[in-house]
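> Got a sequence here, can you model it:
(one chain, ligands or ions: 1)
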Amino acid sequence: MLDRLPEYIDPLHLADKRGELKGRISLSNLDRLAEMLADDKGSVAFDLFFGREGRLAKIEGRIEADLELKCQNCLQAVEWPVNSEVKLGIVTSIDQANRLPEDYEPLLIEEEKVLLKNIIEDELLLVLPAFPKHQHACLIPNLGNSDADSVVNSEQSAPQNPFSILANLKKTGDL
Ligand SMILES: [Zn+2]
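All right, here's what the predicted structure looks like:
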């Protein structure tokens, strides 16, 4: 599937002939995305439909990828599935961009041909958070170490009834 994709596309021409582009691009090809990724293995799948609606030349479709971003708290990988709708209005000037219907993002083209991977990468960057983080509190276990230690110690010292352990937990919890 990869080798049949054109590297450069002419979006307006594709819109005129109601073209479809479907395929995958390796994440390792997307330079601007690279620094956000913990791992650039894998690919982004896309299915784009080009067309016209009145005077509006547009691209609609979806992109899908299973990304591994760098968590901005702990710098470990955080899985980040992307399944996002694409709705682009193809424009050739800022003026045109300002007149787009509200639910369309502008795809400003300055030359006839644009890099297909740039469109896909832009769409990915648009939906990714600026500060991706684990959904669980990934830094809390370190802060809680002293609690965990004291529980372990009290278990080792002597057989205790469960209520005194609970009492310990409560005490340390209050600290
Ligand atoms: Zn994290």
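> okay, CA-based contacts and neighbour counts for the rest of this
Fine.
> residues contacting residue 132?
Neighbour list for residue 132: 69-72, 78 [criterion: C-alpha atoms under 8 Å, 6 or more residues apart in numbering].
> what do you get for residue 57?
Contacts of residue 57 (C-alpha under 8 Å, 6+ apart): 12, 15-16, 50-51, 89-91.
> before we move on, back to that, could you export the contacts of residue 132 as CSV, including secondary structure?
Formatted as CSV, the contacts of residue 132 follow (DSSP: H, G, I helix; E, B strand; the rest coil):
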residue, secondary structure
69, strand
70, strand
71, coil
72, coil
78, strand
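> where do the strands sit along this protein?
For the chain, the strands defined by DSSP state E occupy 8-9, 20-26, 37-39, 43-53, 56-70, 77-91, 105-108, 114-115.
> Please name whichever of those strands is nearest to the ion.
Checking these against the ion by C-alpha to the ion gives strand 77-91 as the closest, at 6.8 Å.
> could the strands of the chain go into JSON lines alongside distance to the ion and mean pLDDT?
Output for these, formatted as JSON lines (distance: least, C-alpha to the ion, whole Å; pLDDT from 0 to 100):
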{"stretch": "strand 8-9", "distance to the ion": "37", "mean pLDDT": "96"}
{"stretch": "strand 20-26", "distance to the ion": "25", "mean pLDDT": "96"}
{"stretch": "strand 37-39", "distance to the ion": "12", "mean pLDDT": "94"}
{"stretch": "strand 43-53", "distance to the ion": "23", "mean pLDDT": "97"}
{"stretch": "strand 56-70", "distance to the ion": "8", "mean pLDDT": "97"}
{"stretch": "strand 77-91", "distance to the ion": "7", "mean pLDDT": "96"}
{"stretch": "strand 105-108", "distance to the ion": "31", "mean pLDDT": "95"}
{"stretch": "strand 114-115", "distance to the ion": "34", "mean pLDDT": "95"}
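> Specify the stretch among the ones you listed that is closest to residue 131.
Residue 131 sits nearest to strand 56-70 of all these, at 8.8 Å, using C-alpha to C-alpha.
> Sheet partners, orientation included, of that closest one?
Next to strand 56-70 in the sheet, as set by DSSP bridges, lie strand 37-39 (antiparallel), strand 43-53 (antiparallel), strand 77-91 (antiparallel).
> returning to what we had before: which one (most neighbours) among the contacts of residue 132?
residue 69 (27 neighbours; other C-alpha atoms under 10 Å).
> what's around the nearest residue to residue 5 once chain neighbours are set aside, how many residues?
In space, and not counting its chain neighbours, residue 5 is closest to residue 23: 7.1 Å by C-alpha to C-alpha, 6 or more residues apart in numbering. Using other C-alpha under 10 Å, residue 23 has 16 other residues around it.
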